[in-house]
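S.K.: Provide a 3D model corresponding to the input given below.
(one chain, ligands or ions: 1)
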Amino acid sequence: MTDDAPRNSGTELQTDWFDTIRINTPAVERRAASLPSRRSLKKEWQAAWLLNAVRCMDLTTLSGDDTEDRVARLCAKARQPIAPDLLDAMGVSGLTTGAVCVYPTMVAAAKRALRGTDIPVASVATGFPAGLMPLNLRLAEIEYARDQGADEIDIVITRAHVLQADWPALYDELRAMRQACGPARMKAILATGDLKSLENVARASHVAMQAGADWIKTSTGKEGVNATLTVSLVMCRAIRDHHDRTGIAVGFKPAGGLKTAKDAIAWQVLMREELGRDWLRPARFRIGASSLLGDLERQISHHVTGRYAAAHRLTMA
Ligand SMILES: O=C[C@H](O)COP(=O)(O)O
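M.R.: Numbers count the residues shown, from 1 in each chain. As a prediction, the model looks like this:
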């Protein structure tokens, strides 16, 4: 999969774009809650959205007991996420996931396992998930992952800069990370569950985009609260505002807790309603998930065969 979105070269820090932002939290929460039911998808349309969720997925393993064998199995799944007979029945071929996402020391194994495909390898870095390491070491970790062959780097921001409203510190740090990424694209993980308010989510989103993040991502998956439709709505509106001001299209990645096909549909409805069809492509939308693929397979199998396949029939992620 070639990523056709131009890089986000960033802008100067522009705090006036967000420092007076106020968010009507109840209204945002009501809008977010309405999203899952906003589109009653007909059967064949629902199957198309399920397939789209697969091609936009960063198939992820970020566990302390990860091994090269597990990464190789994950990559085999990324190459063929849905059984060929099911795809044939739908007239689809060549479906892969959007990327594979691993720890830096697993990047080389992932690159080997994906040889011959154009599936990108994403690597977390910068002291994932807390990010509390000296900056020089965080930058070195980015460089290590890049040199191992990572095509995308998922960095984590320093939450304290947001909680203390130290926007220059956050911007400068993200600029340095963007520089360390070199040719690799940068996703900025905002760890929204740690940011205390929706205003802070919006502000951190703007600073990350101004600093040159190619995507903004909700969560590491390790916070107490990870991706929600409410924070995702706020981030998508920030993306839209940034695009209106600059013409730069920054991508969005919800991560952490997306487990079911219903989740995958709900977030795609959000993207369609808030940002439009162009944001339903892997270049601008990724779902960070370690177990979502299993339910997508089940639902796709049900769409094709009319029954739920037994677990052993599906090579779950
Ligand atoms: O993107 C990375 C997340 O850790 C995935 O979270 P999950 O394991 O809840 O799917």
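S.K.: Quick one: name the residues of the stretch 151-300 of the chain near the ligand.
M.R.: Within reach of the ligand by CB under 6 Å from any ligand atom, the stretch 151-300 of the chain has these residues: Thr220, Gly221, Ala255, Gly256, Gly257, Leu258, Gly288, Ala289, Ser290, Ser291. The C-beta positions use only the backbone N, C-alpha and C, and glycine is treated the same way.
S.K.: which among the residues you listed end up buried?
M.R.: Thr220, Gly221, Ala255, Gly256, Gly257, Leu258, Gly288, Ala289, Ser290 (16 or more other CB atoms under 10 Å).
S.K.: Could you export those to TSV, including columns for pLDDT?
M.R.: Output for these, formatted as TSV (pLDDT from 0 to 100):
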residue	pLDDT
Thr220	98
Gly221	98
Ala255	98
Gly256	98
Gly257	97
Leu258	98
Gly288	98
Ala289	98
Ser290	97
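S.K.: Just those: which are in strands?
M.R.: Secondary structure assignment by DSSP state E places Gly288, Ala289 of these in strands.
S.K.: quick one: low-confidence ranges for this protein?
M.R.: 1-5, 39-41, 43-44, 310-317 (pLDDT under 70).
S.K.: From the centroid of it, which residue is nearest?
M.R.: Lys253 (2.6 Å; CA atoms, centre = their mean).
S.K.: check contacts around the nearest residue to that one once chain neighbours are set aside.
M.R.: Spatial nearest neighbour of Lys253, chain neighbours left out: Lys217 (3.9 Å); criterion: CB to CB, 6 or more residues apart in numbering. Shown in contact with Lys217 (CB atoms under 8 Å, 6 or more residues apart in numbering): Asp154, Lys187, Ala188, Ile189, Leu190, Phe252, Lys253, Pro254, Ala255, Arg286, Gly288.
S.K.: Could you identify the longest helix within the protein?
M.R.: Identified as the longest helix of the chain according to DSSP state H is helix 229-246.
S.K.: Please name every helix or strand in contact with that one.
M.R.: helix 25-34, helix 198-211, strand 215-217, strand 251-253, helix 261-274 (3 or more CB pairs under 8 Å, 6 or more residues apart in numbering; DSSP states H and E).
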